[in-house]
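Colleague: okay, sequence plus prediction incoming.
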Amino acid sequence: MTDKKSTPLTRRQILAGIAGTAMAGATAAVAGTGTMTAAGEKRRWDREVDIVCVGSGAAALTAAVTAVDGGAEVAVFEKAPVPGGTTAKSGAVFWIPNHFILRNEGITDDRTECLQYLARYAYPGQYSPDAPHMGLTPEAFARLAAFYDNGWKMTDHMRETGALNVREFQMFHLDVPATDYLPDVPENKLPKRRALAVATDNGDYAHGFGMIGQMESWLGERNVAIETDHQVTDILVEDNVVVGVAVQHNGGITNVRTRKGVIFGTGGYVHNVEMIRAYQDMFIYGSCGQQSATGDLIPMAGRVGARMGNLSGAWRSQVVLEQALENRAVGAPMFVPPGDAMFLVNKYGRRVVDEHRNYNDRTRAHFDFDVANAEYPNQLLFMIYDDRVAESTGSGTGLPPVHSRASYVVSGQTFGDLSVKLRDRLAGLAGKTGDFQLDKSFADSLEETFKRFNEFARKGKDLDFQRGDYLYDREWHPLWTKFNEDSGHEVNPYPNSTMYPLADKGPYYAIILAPGALDTNGGPVINDRAQVVSADNRPIPGLYGAGNCIASPARNAYFGPGATIGPAMTFGYIAARHALKTPVRQETRG
Ligand SMILES: Cc1cc2nc3c(=O)[nH]c(=O)nc-3n(C[C@H](O)[C@H](O)[C@H](O)COP(=O)(O)OP(=O)(O)OC[C@H]3O[C@@H](n4cnc5c(N)ncnc54)[C@H](O)[C@@H]3O)c2cc1C
């Protein structure tokens, strides 16, 4: 765990900061309401509701639906001009243990077994199945248990209220149950079937916009609008209880009081370059996450003394370096490099990872540190492939195209030629990549890597990285590769469907890949009730968080398809349920 304790502020400091914000823009105060600030000023409240939900992605809207359904008066503030955040760009797949389809079909998703999988994947360095809390801290274990215990209840709730139409996720057009992202470990006793998706009325995949649209409509029918262009800029505290938020809109700030709590679902900080430089071990070059993911909660929660966790974490994926340097908000990441006649190499021309591993875990290969040379030899990786891949794969997968016409594709007739061209390309980018260069051995090593890879492909056995031995590699390969049988290239006849020998003669191609992310997943730490905790690990009353804005309860483990949205929705639900039970805070002082 990379929890970093933030220095707790004194109550005087907190209130002084808050008073400043509150005084800066209070407008149109609700007559008769007000409280004393630390500076002895009377704070004007402009509006009062039971629960404020901040953001309008999966986490915040699940919380809003749950709170409204529970009878609360709710306000939803979204800083962007359109609702939905990164969720709107997603596949709206959400991973939930023990969900209704499994239960209806009599398929057991045993609590202990499932928690063993979650604990093993999220905390591999601590996991010990027979130890108390499976070797984890009681808090970490409680969060995972809360996810197991509440995920399916949240799903039932969203279906039964009519806020979401839910179906099983079946690998989109391939129509087969989706395999988890770590299906081969013995702890995963149910390696398929836990992934759900939001469906349209006719049962198709609704994707992210559809998901947001369904929840927005449901709220709208109950007269709850998503108030766009409303940015929450501060958390307001009295007597150590969070009692409201400051909201910026049209250049003014209003103070909104809450009787029961504030639930943040504001996404991560993947588009805040300053925070990336401060918190990440290695730069995140680009992201397909929504540009409003700027980590707003981190300084706000810091000011009220929240403990921070997993700040160096992210839901990772590789990106095409040159696309990301042009615009770090990339259209699509290289979720999984497509193709069978393809491998990745580092600056030494060596393979470093199973290229068909899931995007989150594979991207971590970039972070290997060479202790002899004090360098990151994999900071950038090079996707090497031939005409077979360029002409027959990647089209319509949603990945960046790999055909030879793409401006970021470097080509050469021989590996020597390709190496020279890659060197030139890197030289042109040097100021933006920390002067990352190919080693002098690159061309020779690449030739050796090519021969070794081809030998493995012909025999069907990758002796270096076991590509294709894993269920994930084999089952997701057709989705990412989408082989075009009309391309004139043969269907792979070799024993390992994920590998095919590269042609003996060029042209050969290379794409420079860099570490990217869907979003980050660190921030204030929550407990198993989704309450943000203070530096001394006690809940900060009235303050909740869910989704990418908080320290992920799954840490950096991507359990299966939908493993970011599943927990985001679940902790949004838990937060709202807990806030609903909070006794209404009585009339404000003043
Ligand atoms: C192409 C793509 C496909 C993906 N597919 C999947 C998938 O199918 N399944 C899955 O599990 N994950 C998927 N992911 C990842 C997933 O989309 C995100 O992890 C998840 O949606 C985050 O949800 P959230 O509610 O935490 O944040 P978001 O959906 O990002 O919502 C946060 C919202 O808060 C708003 N906000 C921020 N600051 C403030 C503020 N100060 N005041 C008011 N509002 C604020 C933002 O504008 C934003 O609208 C995908 C990601 C991408 C890019």
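Modeller: That came in fine, so what should we check first? These numbers were taken from a predicted model, which means no experiment stands behind them. Residues are numbered from 1 along each chain as shown.
Colleague: got any ranges where the stretch 351-500 of the chain has weak pLDDT?
Modeller: Along the stretch 351-500 of the chain, the model assigns pLDDT under 70 to no residue.
Colleague: where do the strands of it begin and end?
Modeller: 381-386, 410-412 (DSSP state E, counting those that start in this stretch).
Colleague: give me whichever of those is most buried.
Modeller: Mean neighbours per residue, mean count of other Cβ atoms under 10 Å, is largest over the strands of the stretch 351-500 of the chain for strand 381-386, with a mean of 25. The C-beta positions use only the backbone N, C-alpha and C, and glycine is treated the same way.
Colleague: how about JSON lines for the strands of the stretch 351-500 of the chain, with distance to Asn250 added?
Modeller: Shown next, in JSON lines, are the strands of the stretch 351-500 of the chain (distance: least, Cβ to Cβ, whole Å):
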{"stretch": "strand 381-386", "distance to Asn250": "46"}
{"stretch": "strand 410-412", "distance to Asn250": "48"}
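Colleague: how about Arg364: what's its closest non-neighbour residue?
Modeller: Counting by Cβ to Cβ, 6 or more residues apart in numbering, Arg364 lies nearest to Arg316, which is 6.5 Å off, once chain neighbours are set aside.
Colleague: helices or strands up against the host helix or strand of that neighbour?
Modeller: According to DSSP states H and E, Arg316 maps onto strand 314-320. Judged by 3 or more Cβ pairs under 8 Å, 6 or more residues apart in numbering; DSSP states H and E, strand 314-320 is in contact with helix 359-363, strand 508-520.
Colleague: need the ones you listed in a markdown table (columns: mean neighbour count).
Modeller: As requested, the helices and strands packed on strand 314-320 are exported to a markdown table (neighbours: other Cβ atoms under 10 Å):
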| stretch | mean neighbour count |
| --- | --- |
| helix 359-363 | 23 |
| strand 508-520 | 26 |
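Colleague: which residues pair with the residue nearest to Arg364 across the strands?
Modeller: Beta-bridge partners recorded for Arg316 (DSSP bridges): Ala517.
Colleague: wait, it sits on Asn360?
Modeller: Yes: applying Cβ atoms under 8 Å, one finds Arg316 in contact with Asn360, separated by 5.0 Å.
Colleague: who touches both of those two?
Modeller: Counting by Cβ atoms under 8 Å, 6 or more residues apart in numbering, the common neighbours of Arg316 and Asn360 are Asn556.
Colleague: can you count the residues close to Pro493?
Modeller: 7 (other Cβ atoms under 10 Å).
Colleague: nope, Val243 is what I meant
Modeller: 25.
Colleague: Asn373 too?
Modeller: Neighbour count of Asn373, defined by other Cβ under 10 Å: 9.
Colleague: try the one 3 residues further on
Modeller: A total of 19 residues lie near Tyr376 under the criterion other Cβ under 10 Å.
Colleague: now the residue in the stretch 401-550 of the chain that the ligand sits nearest to: how far from Val93?
Modeller: Nearest to the ligand, among the residues of the stretch 401-550 of the chain, is Gly547, at 2.3 Å (Cβ to the nearest ligand atom). Distance of Gly547 to Val93, given as Cβ to Cβ, to the nearest Å: 15 Å.
Colleague: who has more neighbours, those two?
Modeller: Set Gly547 next to Val93 and count neighbours by other Cβ under 10 Å: Gly547 wins out with 32 against 24.
Colleague: skip the chain neighbours and tell me the closest residue to that one.
Modeller: Ala59 (3.0 Å).
Colleague: pull the contacting residues for the one you found.
Modeller: Contacts of Ala59 (Cβ under 8 Å, 6+ apart): 265, 546-549, 568-569, 571-572.
Colleague: could I get the strands of the stretch 351-500 of the chain as CSV with distance to the ligand?
Modeller: Listed next are these as CSV, based on distance: least, Cβ to the nearest ligand atom, whole Å:
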stretch, distance to the ligand
strand 381-386, 19
strand 410-412, 26
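Colleague: for the nearest residue to Gly396 once chain neighbours are set aside, what are its contacts?
Modeller: Excluding the flanking residues, the one nearest Gly396 by Cβ to Cβ, 6+ apart is Lys482, at 5.7 Å. Neighbouring residues of Lys482 by Cβ under 8 Å, 6+ apart: 338, 393-397.
Colleague: over to Asp464?
Modeller: 351, 452, 456.
Colleague: separation between the second one and Met499?
Modeller: This means Arg452. 12 Å.
Colleague: same check, this time on the last one
Modeller: Phe456 sits at a distance of 6 Å from Met499 (criterion: Cβ to Cβ).
Colleague: and these two? which has more neighbours close in?
Modeller: Set Phe456 next to Met499 and count neighbours by other Cβ under 10 Å: Met499 wins out with 28 against 23.
Colleague: which residues sit in contact with the more buried one?
Modeller: Met499 neighbours (Cβ under 8 Å, 6+ apart): 340-341, 453, 456-457, 460, 462, 467-468.
Colleague: what about the residue of the stretch 101-250 of the chain found nearest the ligand, neighbour count?
Modeller: Nearest to the ligand in the stretch 101-250 of the chain, going by Cβ to the nearest ligand atom, is Val232, at a distance of 3.9 Å. Neighbourhood size, Val232 [other Cβ under 10 Å]: 22.
Colleague: do Lys451 as well
Modeller: Neighbour count for Lys451, taken as other Cβ under 10 Å: 12.
Colleague: contacts only, for Pro553.
Modeller: Contacts of Pro553 by Cβ under 8 Å, 6+ apart are 140, 143-144, 146-147, 526, 567, 571.
Colleague: repeat the analysis, applying 6 Å as the threshold.
Modeller: Residues in contact with Pro553 (Cβ atoms under 6 Å, 6 or more residues apart in numbering) are 143, 567.
Colleague: check the gap between it and the ligand for me.
Modeller: 12 Å (Cβ to the nearest ligand atom, to the nearest Å).
Colleague: next, find the distance separating that residue from His99.
Modeller: Pro553 is 18 Å from His99, by Cβ to Cβ.
Colleague: now do Thr137
Modeller: In terms of Cβ to Cβ, Thr137 sits 27 Å off from His99.
Colleague: give me the more crowded residue out of these two.
Modeller: His99 (26 against 14).
Colleague: taking the stretch 301-450 of the chain, what residue is nearest to the ligand?
Modeller: Across the stretch 301-450 of the chain, no residue is closer to the ligand than Trp315, which sits at 5.7 Å (Cβ to the nearest ligand atom).
Colleague: could you find the closest non-adjacent residue to that residue?
Modeller: In space, Trp315 comes closest to Leu518 once its chain neighbours are excluded; the distance is 4.3 Å by Cβ to Cβ, 6+ apart.
Colleague: now for that neighbour: which residues touch it?
Modeller: For Leu518, the contacting residues are 289, 315, 317, by Cβ under 6 Å, 6+ apart.
Colleague: so which of those residues wins on neighbours?
Modeller: Result: Gly289 is most packed of the contacts of Leu518 (other Cβ under 10 Å), 28 neighbours.
Colleague: how about that residue, phi and psi?
Modeller: For Gly289, the backbone dihedrals are phi -70, psi 160 (criterion: degrees, to the nearest 10).
Colleague: and it, what does it touch?
Modeller: Contacts of Gly289 (Cβ under 6 Å, 6+ apart): 86, 270, 518-519.
Colleague: Tyr558: which of those is nearest?
Modeller: Distance ranking of the contacts of Gly289 against Tyr558, using Cβ to Cβ, places Leu518 first at 9.6 Å.
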